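Undergrad: Okay, sequence plus prediction incoming.
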2 protein chains.
Amino acid sequence: MKAVIAEIITIGDEILFGQIVDTNSAWMGTELTKIGIRVKQITSISDSADHIVQALEDAKTRADVILITGGLGPTKDDLTKHVLATYFHTTLKLHEPSLADIKAIFDRRGIAVTELNRQQAFLPEACKAVRNVLGTAPGMWFEQEGKVFVSMPGVPFEMKRMMTDTVLPHLKAYFRTPEIIHKVVQTVGIPESILAERLEEWETNLPEHLKLAYLPNLSGVRLRLTGTGSDAAKLEQELQTEVEKLPHLIPNHIFAFGEVKLEEAIGQLLKERGLTIATAESCTGGYLAHKITSISGSSAYYQGSVIAYHNEVKIKELNVKPETLLQHGAVSEATVREMAENVRQKFGTDIGVATSGIAGPDGGTAEKPVGTIWIAYADKDKTVVRLLNYNKDRLLNIEYTATALLNLVRQSLTGAVEE
Amino acid sequence: MKAVIAEIITIGDEILFGQIVDTNSAWMGTELTKIGIRVKQITSISDSADHIVQALEDAKTRADVILITGGLGPTKDDLTKHVLATYFHTTLKLHEPSLADIKAIFDRRGIAVTELNRQQAFLPEACKAVRNVLGTAPGMWFEQEGKVFVSMPGVPFEMKRMMTDTVLPHLKAYFRTPEIIHKVVQTVGIPESILAERLEEWETNLPEHLKLAYLPNLSGVRLRLTGTGSDAAKLEQELQTEVEKLPHLIPNHIFAFGEVKLEEAIGQLLKERGLTIATAESCTGGYLAHKITSISGSSAYYQGSVIAYHNEVKIKELNVKPETLLQHGAVSEATVREMAENVRQKFGTDIGVATSGIAGPDGGTAEKPVGTIWIAYADKDKTVVRLLNYNKDRLLNIEYTATALLNLVRQSLTGAVEE
């Protein structure tokens, strides 16, 4: 079955000039993918008639469905509706149900419909109106030679409601789309290139209709396996079979299946085992605690933290021995070990973790350059200490350290081996 | 002078499938606008050779400079480099300086360069390499018939560093763009609409070649005044004259001139006055400490924090009276006041600040719904407490609370009035 191809066109200078980030297209891409429509291009253009026509002409050569957002406001720099009317050789005509919707919005505000807003109810005769209950610009659905063109406002909550209520169900029906299913596997602590080497043979042997994508982010590499076909149950089974091979190929690096963050997976582990955790941070300065507490429900396992930015705080609040600091320095195996063990004792938790390092850009020495970072994990049975060497900027050093420490917690709890 | 036109092409299915939001293009749009280059189209396409070539051909008809991101990873689904080599009728050749950069990255990790990563140092002979010190994929700069094509990785921090260090200065020189000077004024604690009312008359009276933009972000509204012309010194003077009028129009809301973050401005204030600060966090869970310590040099004024997620920690580590918690609850004026005053005492700092609230999505009650958040500032003379009422999601509540607290520190130190 040939895949249905979509193209998204966003109209408006604010995206081009970087004044707003285009989050609409990502949302649309996700929703279209879910119903088996493949987005092949997203094009952001300016509010100019020539440019709109050119984008439509180009899109038509590539796509079966063209979704257009923006340029439907009531002011004269909003051209989309007029351009579409000309493009489809049709004229504007008052659409009574749309006028009723617009009036209802003004009624709720307790004011009369302005002339500019009344004109928004005039739609090209050749289109079907797409109802907009949240704003004054109705959408438009055109069909031409088996292709569908839909124009919607750029206001995110209006567009999303119109897509969900009308556009997506109509597209699914119109194109009788294939089934597309994704499975995501989350890895940590293994670079993309090494991952690719380990998975090469497996990937090469995947059936043609299953595709693998590597999606790296700051805390690891997400693997996304996508299957396309006509039988959802069969696809699901095939994907599951392939995904189940991965723990054997990369046994120590998978922390979750599905859209789960590392801090969420650690939280889940702690909850399942009924364990509590406390943190002692120096160089990460609260970021580790923030990551842990960004997860809703973290109060079930997270007790608190001492951020010991100064040595005096390390001594007074974390009972680090002054002689340890004197002999080894704050950035040392001995110090981070005491921090983790002592915060665990102090807060009465099952697990204590700690960071101490030089985040930079200043404070490095020949012996301990910027990026020299110690992390530690302590529980009732053992203390595990690791030395990290990053050479990124301050915020990246902090980010990677938090990830490395969360991964150390995962490894310590699951017995996954550091490679 | 004719405007220089740019087009941005992003390559990769993850944007089309909506798995990541394209924030790169907005950043690039902003930076290009700043040097007088106008982005006319942003095109997101899939990792397919035909599609890449078609996008390049289309872009060439509209733009003077084509900036391409993505598709430079070491795996076989990354095609950009090979497509560009074919497109510019050139072949790949080992680029020694790039290999040295890649080796340096692996050296720091203490592992040998993999073959896949070594291949990333092979670049089309017709290009100039754009150095990437943060990752293994070098960028490529091509020139053809007066037009410039630049290919960079899609990893945001790598792309940004390469743009800032190399691409933007080279584009400025290559196209001899007009003088464009920006002055940024940072405001906090005033909504965009009220700001616009206060500045309306001033904005209307600006000379034609000076333009104002309102750039709201999570911690406030940035005002950017842009002057375009041929005489840099004259422009600078004109902008300065206009900017100096602003403190009279919005006296209590400007925290900095230029690209300065709120936490940086607070840090500067504390440093100038020789003051130290400690934090006690409940609902912000370390994010406030992270904001403060994200600023390099913060160890000069930041002492540390107690993150008291649990009541027991509030009692044991922050000496909050058990009867205060019993009588008023953890989310209360009385508790947050004790937290701020006690952390100040405990850490022996000039200033203590504290947060306690319900970040959500769970934990709200009829009396104290999600978004009920108390913040406090304490110094030797006074304690100031404020109640915030946000109704955002968990992360936004945390974000806004940290900003409100930093603003409270600013107001307390400078005597700026809450309006």
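TA: Ah, there it is. Numbers count the residues shown, from 1 in each chain, chains lettered A, B, ... in the order given.

Undergrad: residues of stretch A:299-318 that come out buried?
TA: Neighbour counts over stretch A:299-318 (16 or more other C-beta atoms under 10 Å in any protein chain shown) mark A:299, A:301-311, A:313-314, A:316-318 as buried. Where C-beta positions appear, they are placed from N, C-alpha and C, glycine not excepted.

Undergrad: so of the residues you listed, which ones are in strands?
TA: Using DSSP state E, the subset of the buried residues of stretch A:299-318 located in strands is A:Tyr302, A:Gln303, A:Gly304, A:Ser305, A:Val306, A:Ile307, A:Ala308.

Undergrad: among these, which are in reach of chain B?
TA: Within the set of these, contact with chain B (C-beta under 8 Å from any C-beta of the partner chain) is found for A:Tyr302, A:Gln303, A:Gly304, A:Ser305, A:Val306, A:Ile307, A:Ala308.

Undergrad: Sort out which one of these lies nearest B:Val409 for me.
TA: In terms of C-beta to C-beta, no member of these lies closer to B:Val409 than A:Ile307, at 17.0 Å.

Undergrad: Now the closest one: closest residue in space, sequence neighbours ignored.
TA: B:Ser305 (3.9 Å; C-beta to C-beta, 6 or more residues apart in numbering or on different chains).

Undergrad: any idea of the pLDDT on the one you found?
TA: You'll see B:Ser305 listed with a pLDDT of 96.

Undergrad: One more: A:Gly135?
TA: For A:Gly135, the pLDDT comes out at 88.

Undergrad: so is it in a helix, a strand, or just coil?
TA: coil (DSSP: H, G, I helix; E, B strand; the rest coil).

Undergrad: just checking, it touches A:Pro153?
TA: Yes: with contact defined as C-beta atoms under 8 Å, A:Gly135 counts as touching A:Pro153 (5.8 Å).

Undergrad: With neighbour numbers in mind, choose between these two.
TA: Shown here are A:Gly135 and A:Pro153; by other C-beta atoms under 10 Å in any protein chain shown, A:Pro153 has more neighbours (25 against 21).

Undergrad: Check the gap between the more buried one and A:His82 for me.
TA: Using C-beta to C-beta, to the nearest Å, A:Pro153 is found at 15 Å from A:His82.

Undergrad: From the contact counts, what lies against the longest helix along chain A?
TA: When chain A is parsed with DSSP state H, its longest helix is helix A:394-414. Judged by 3 or more C-beta pairs under 8 Å, 6 or more residues apart in numbering or on different chains; DSSP states H and E, helix A:394-414 is in contact with helix A:262-273, helix A:287-293, strand A:351-357, strand A:372-378, strand A:383-389.

Undergrad: got the buried residues for it?
TA: By neighbour count on 16+ other C-beta under 10 Å, the buried set for helix A:394-414 is A:394, A:396-413.

Undergrad: and what of stretch A:148-164?
TA: Quick answer for stretch A:148-164 (16+ other C-beta under 10 Å): A:148-155, A:158-163.

Undergrad: can you list the domains in chain A?
TA: A:4-175, A:179-257, A:262-414 (automatic domain parsing).

Undergrad: So is the first one next to chain B?
TA: Yes: judged by C-beta under 8 Å from any C-beta, domain A:4-175 and chain B are in contact via A:15-23, A:25-33, A:38-46, A:51, A:58.

Undergrad: so where's the stretch 301-419 of chain A uncertain?
TA: Counting by pLDDT under 70, the low-confidence segments of the stretch 301-419 of chain A come to A:419.

Undergrad: Name the residues of it found near chain B, please.
TA: A:302-310, A:312-313, A:317, A:346-347, A:360-363, A:371, A:389-396, A:398.

Undergrad: give the contact list for the nearest residue to A:Gly304 once chain neighbours are set aside.
TA: Spatial nearest neighbour of A:Gly304, excluding adjacent residues (C-beta to C-beta, 6+ apart): B:Val313 at 4.0 Å. By C-beta atoms under 8 Å, 6 or more residues apart in numbering or on different chains, B:Val313 lies in contact with A:Gln303, A:Gly304, A:Phe347, B:Val306, B:Ile307.

Undergrad: okay if I get those residues as CSV plus distance to A:Glu200?
TA: Output for the contacts of B:Val313, formatted as CSV (distance: C-beta to C-beta, whole Å):
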residue, distance to A:Glu200
A:Gln303, 44
A:Gly304, 45
A:Phe347, 46
B:Val306, 49
B:Ile307, 44
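
Undergrad: Just give me the closest of the residues you listed to B:Val243.
TA: B:Ile307 (39.4 Å).

Undergrad: So the closest one is in contact with B:Gly286, correct?
TA: Yes: the criterion here is C-beta under 8 Å, and B:Ile307 meets it with B:Gly286 at 5.2 Å.

Undergrad: A:Glu264 contacts A:Ile295, correct?
TA: Yes: with contact defined as C-beta under 8 Å, A:Glu264 reaches A:Ile295; the gap is 5.3 Å.

Undergrad: Any chance you could list residues touching both of the two?
TA: Counting by C-beta under 8 Å, 6+ apart, A:Glu264 and A:Ile295 have no contacts in common.

Undergrad: wait, what's in contact with A:Pro251?
TA: Going by C-beta under 8 Å, 6+ apart, A:Pro251 touches A:Ala416, A:Val417.

Undergrad: how about it, phi and psi?
TA: Main-chain dihedrals, A:Pro251, degrees, to the nearest 10: phi -60, psi -30.

Undergrad: Check what pLDDT it gets.
TA: Per-residue confidence (pLDDT) for A:Pro251: 91.

Undergrad: how close does it sit to A:Leu199?
TA: In terms of C-beta to C-beta, A:Pro251 sits 13 Å off from A:Leu199.

Undergrad: and what of A:Thr401?
TA: On the measure of C-beta to C-beta, A:Thr401 and A:Leu199 end up 27 Å apart.

Undergrad: chain center to the helix or strand where A:Val83 lies: distance?
TA: Element membership of A:Val83 [criterion: DSSP states H and E] is helix A:80-87. Computed by C-alpha atoms, centre = their mean, to the nearest Å, the chain-centroid distance of helix A:80-87 equals 35 Å.

Undergrad: now, which of the contacts of B:Val313 sits nearest A:Ala112?
TA: Nearest to A:Ala112 among the contacts of B:Val313, with distances taken as C-beta to C-beta, is B:Ile307, at 54.1 Å.

Undergrad: Can you list the buried residues in the helix holding A:Val83?
TA: A:Thr80, A:Lys81, A:Val83, A:Leu84, A:Ala85, A:Tyr87.

Undergrad: same question, stretch A:320-330
TA: Buried-residue list, stretch A:320-330, by 16+ other C-beta under 10 Å: A:Val320, A:Thr324, A:Leu325, A:His328, A:Ala330.

Undergrad: mind checking how far the first one is from A:Glu338?
TA: A:Val320 sits 5 Å away from A:Glu338, taking C-beta to C-beta as the criterion.

Undergrad: how much space between the residue nearest to A:Leu413 when sequence neighbours are not counted and A:Gly297?
TA: Excluding its sequence neighbours, the residue lying closest to A:Leu413 (C-beta to C-beta, 6+ apart) is A:Leu269, at 5.4 Å. Noted for A:Leu269: a distance of 13 Å to A:Gly297, by C-beta to C-beta.

Undergrad: So these two - more neighbours on which side?
TA: Neighbour count, other C-beta under 10 Å: between A:Leu269 and A:Gly297, A:Leu269 has more, with 17 against 14.

Undergrad: how about that one, what does it touch?
TA: A:Val409, A:Arg410, A:Leu413, A:Thr414.

Undergrad: quick revisit: can I get the helices and strands packed on helix A:394-414 in a markdown table with distance to A:Glu192?
TA: Output for the helices and strands packed on helix A:394-414, formatted as a markdown table (distance: least, C-beta to C-beta, whole Å):
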| stretch | distance to A:Glu192 |
| --- | --- |
| helix A:262-273 | 16 |
| helix A:287-293 | 22 |
| strand A:351-357 | 25 |
| strand A:372-378 | 22 |
| strand A:383-389 | 19 |
